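1. starting from these lines, generate the structure:
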Amino acid sequence: MNRATPRLRALAALPFVLVLASHLLLLALWHDRIPDTLATHFGPDDGGRADGFTGRTAFTLVGVGLLLGLGAGWTVLVRRTALWGAWATAGFTGALLALLVRDNLDATDPAQVVSPLTNLAVGAAAAAVLALAGWALTRLVPAEDATGTPADTAGATEIPRLALGASEVAGWSRATGSRPLTVLAVLALAAVPAGLLLAPWPHALIALLGLVVGVPGLALARVRVTVDRRGVTVRPALVPRPRVRVPLDEIAGADVRELDTAAVLDDFGGWGYRVRAHRTGVVVHTGETLVVRRDNGREFAVTVPDARTAAALLNTLAERHGKV
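-> Got it, this is the predicted structure:
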């Protein structure tokens, strides 16, 4: 199951720890030269002159929070083949933060601070150097199972068939949801009007971010899972689209697994609609999970209560269809 090892997670976190330490060290060494208000956003006009400003304390908190957030995300979701990406992200972010502080040193009027476009090139170069370091460190991590095959059925429950007569027709449907995802989606959408009120740019990014997070989040916060003669269908509980369907003629069988938090993170990389190398899934919480095995060797999983009944019916329908 391509689980991230503790060593891999440690190597993914390492560049962010180093960059965070360097960032805090620079802030301490240059404390007397950093103004109370820093220029933190620069427009394309006038050679990149400042048009957005942040207090020194807020800048420190935002920088630390950004590095901690990115580091946590990479540590949780990293895979061996993407370790270089964690190092590149840390390098690019750390370089831009350091250059931003440098550009503000000894500034008496933050409105006159200029950030040249060459800073982006320096950030890209730092990202490339650290990406190479991350790639080289990959050899310290044992290779993952190259097959990644869904035949790994640890934790799977053998499901009997559901008794149906030759002429009987049956269907199964159940709604399931996630309260944390609902709260997150609602908060994200609530930020949309705030971002519009704070316009112009760059505050309007808050509205865009709210839409990007809130709309798909609300769609996945509560979903309906249906098993019938057409196969398995998963769609938002309140609207018919978008939907994910695995046709019955592509289904080789179904079983049930119990997913805990570690399995969700390791096997699917988190919650929501997930796409991995050999499996896809709609994962909105931990617990009972319907796992559908497809003819092409891939798996489709959806966390839903009473998954045992759904799997039993699906196996019966697939058997009737000549697939099991």
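
2. just the strands in the protein please.
-> Remark: strands assigned in the chain by DSSP state E are 37-42, 50-55, 156-157, 172-177, 222-228, 231-236, 244-247, 251-259, 272-275, 279-283, 287-294, 299-303.

3. mean pLDDT lowest where, among the ones you listed?
-> Within those, the stretch with the lowest mean pLDDT is strand 156-157, showing a mean of 54.

4. sorry, back to before: make TSV out of the strands of the chain and add distance to Leu97.
-> Where C-beta positions appear, they are placed from N, C-alpha and C, glycine not excepted. Putting those into TSV (distance: least, CB to CB, whole Å) gives the following:
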stretch	distance to Leu97
strand 37-42	10
strand 50-55	12
strand 156-157	46
strand 172-177	39
strand 222-228	39
strand 231-236	39
strand 244-247	40
strand 251-259	37
strand 272-275	29
strand 279-283	34
strand 287-294	40
strand 299-303	38
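
5. and the ones you listed as a markdown table, adding mean neighbour count?
-> As requested, the strands of the chain are arranged in a markdown table below (neighbours: other CB atoms under 10 Å):
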| stretch | mean neighbour count |
| --- | --- |
| strand 37-42 | 20 |
| strand 50-55 | 17 |
| strand 156-157 | 14 |
| strand 172-177 | 17 |
| strand 222-228 | 21 |
| strand 231-236 | 20 |
| strand 244-247 | 16 |
| strand 251-259 | 20 |
| strand 272-275 | 15 |
| strand 279-283 | 23 |
| strand 287-294 | 23 |
| strand 299-303 | 24 |
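
6. what's stretch 8-23 in contact with?
-> Applying CB atoms under 8 Å, 6 or more residues apart in numbering, the set of residues contacting stretch 8-23 from outside is 4, 63-64, 67-68, 70-71, 74-76, 78-80, 83, 86-87, 89-91, 93-94, 97-98, 130, 133-134, 137, 140-141.

7. ChimeraX command for the buried members of the residues you listed?
-> Only the buried entries of those go into this ChimeraX selection, using 16 or more other CB atoms under 10 Å:
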select :4,63,67,70,71,74,75,78,79,80,83,86,87,89,90,91,93,94,97,98,130,133,134,137,141
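
8. filter the contacts of stretch 8-23 down to just the ones in helices.
-> Using DSSP state H, the members of these that fall within helices are 63-64, 67-68, 70-71, 74-76, 83, 86-87, 89-91, 93-94, 97-98, 130, 133-134, 137.

9. nearest to Leu105, of the strands of the chain?
-> Taking CB to CB as the criterion, strand 37-42 is the member of these that comes nearest to Leu105, at 9.9 Å.

10. what helices or strands is the closest one leaning on?
-> strand 50-55, helix 56-77, helix 83-104 (3 or more CB pairs under 8 Å, 6 or more residues apart in numbering; DSSP states H and E).

11. what's in contact with stretch 71-81?
-> Contact partners of stretch 71-81, identified using CB under 8 Å, 6+ apart, comprise 2, 4, 8-9, 12-13, 15-17, 20, 85-86, 89-90, 138, 141, 143-144, 265, 269-270.

12. thinking again about what came up before, lowest average pLDDT across the helices and strands packed on strand 37-42?
-> strand 50-55 (a mean of 81).

13. show me what that one pairs with in its sheet, parallel or antiparallel.
-> The strands that strand 50-55 pairs with in its sheet are strand 37-42 (antiparallel) (by DSSP bridges).

14. got the angle for the strand it pairs with vs helix 56-77?
-> 50 degrees (axes from the mean of the first three to the mean of the last three CA atoms, to 10 degrees).

15. now strand 37-42, how far from the centre of its chain.
-> Taking the mean C-alpha point of strand 37-42 and that of its whole chain, the gap between them comes to 29 Å (CA atoms, centre = their mean, to the nearest Å).

16. can I get the CA coordinates of it in CSV?
-> Output in CSV follows, covering the C-alpha atoms of strand 37-42 (Å, rounded to 0.1, in the frame of the first residue of the first chain):
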residue,chain,number,x,y,z
THR,A,37,5.8,48.2,8.4
LEU,A,38,7.1,46.1,5.6
ALA,A,39,6.2,46.2,1.9
THR,A,40,4.8,42.8,1.1
HIS,A,41,3.1,43.1,-2.2
PHE,A,42,4.5,44.6,-5.4
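
17. what does it contact?
-> Contacts made with strand 37-42 from outside it, assessed by CB under 8 Å, 6+ apart, are listed as 48-56, 59, 100-101, 103-104, 107, 110-111, 113-115, 202.

18. next: stretch 131-144.
-> Here stretch 131-144 has contacts from 2, 5, 7-8, 11, 15, 79-81, 83-88, 91, using CB under 8 Å, 6+ apart.

19. and the angle from the longest helix seen in the chain to helix 83-104?
-> Longest helix of the chain, by residue count under DSSP H: helix 6-29. An angle of 0 degrees separates the directions of helix 6-29 and helix 83-104 when computed by the same axes, to 10 degrees.
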